[in-house]
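1. Got a sequence here, can you build the structure:
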Amino acid sequence: SQSGAVPWKDEGVYLLTGGAGGIGLIFAEEIVSRVKNAVLVLTGRAEALDEDRSARLRRLEASGARVLYQPVDVTDRAAVIALVRGIQEEHGTLDGIIHGAGVIADNYILNQTENERKTVMAPKVKGLINLDEAAKDVRLDFFILFSSLAGGM
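-> Below is the predicted model:
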């Protein structure tokens, strides 16, 4: 079921930051629908997932993927480095990163306070820097980023 049009591959190992949020789960479902035996490591700030998200992850596993959730704050450099190293040690590789972490603030950017902007941007920007540094020696097939800032202006 592999197609040249998608970057994921059978038995690929993928890290999805903010992976328990909406965009992370959409990508997890897409990967699982296209390839066999993928390993998906989803991260988020929550220590544990609510029942709805846990059920969605179980459905992904029922499709043949191995799905792991790890609570990680992507703004914590040491935690991100340990996460990337741990994935490589446990699974022998890391094939791609989808960086979807970022807090959704229910306010248009023009109306946001400075604190709200910092809260939204820290996981995106500092998380990106930490992931880039942690994976600098990893031969990734892809590193996908999202920006709500550009789309909101």
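
2. okay, CA-based contacts and neighbour counts for the rest of this
-> Will do.

3. Secondary structure of Ile98: a strand, I assume?
-> Yes: counting by DSSP: H, G, I helix; E, B strand; the rest coil, Ile98 is found in a strand.

4. List the contacts of it.
-> If you count contacts by C-alpha atoms under 8 Å, 6 or more residues apart in numbering, Ile98 has them with 14-17, 24, 143-145.

5. Could you measure from it over to Pro123?
-> Plainly put, Ile98 is 13 Å away from Pro123 if you go by C-alpha to C-alpha, to the nearest Å.

6. Among the contacts of Ile98, which one has the most neighbours?
-> Neighbour count (other C-alpha atoms under 10 Å) singles out Thr17 as the most crowded of the contacts of Ile98, with 31 neighbours.

7. That one reaches Thr43, doesn't it?
-> Yes: using C-alpha atoms under 8 Å, Thr17 makes contact with Thr43 at a distance of 4.9 Å.

8. Quick check: Ala28 is in a helix.
-> Yes: with the criterion set as three-state DSSP, the secondary structure at Ala28 is a helix.

9. now it, nearest residue through space, not along the chain?
-> Taking C-alpha to C-alpha, 6 or more residues apart in numbering, and ignoring the residues beside it in sequence, Ala28 has Leu40 as its nearest neighbour in space, at 7.1 Å.

10. Show me what the one you found is bridged to.
-> Tyr14, Val67 (DSSP bridges).

11. Tell me how far it lies from Val125.
-> In this structure, Leu40 and Val125 are 22 Å apart, going by C-alpha to C-alpha.

12. These two - which one has more neighbours?
-> Leu40 (26 against 17).

13. which residues sit in contact with that one?
-> Taking C-alpha under 8 Å, 6+ apart as the test, what Leu40 contacts is 13-16, 28, 65-68.
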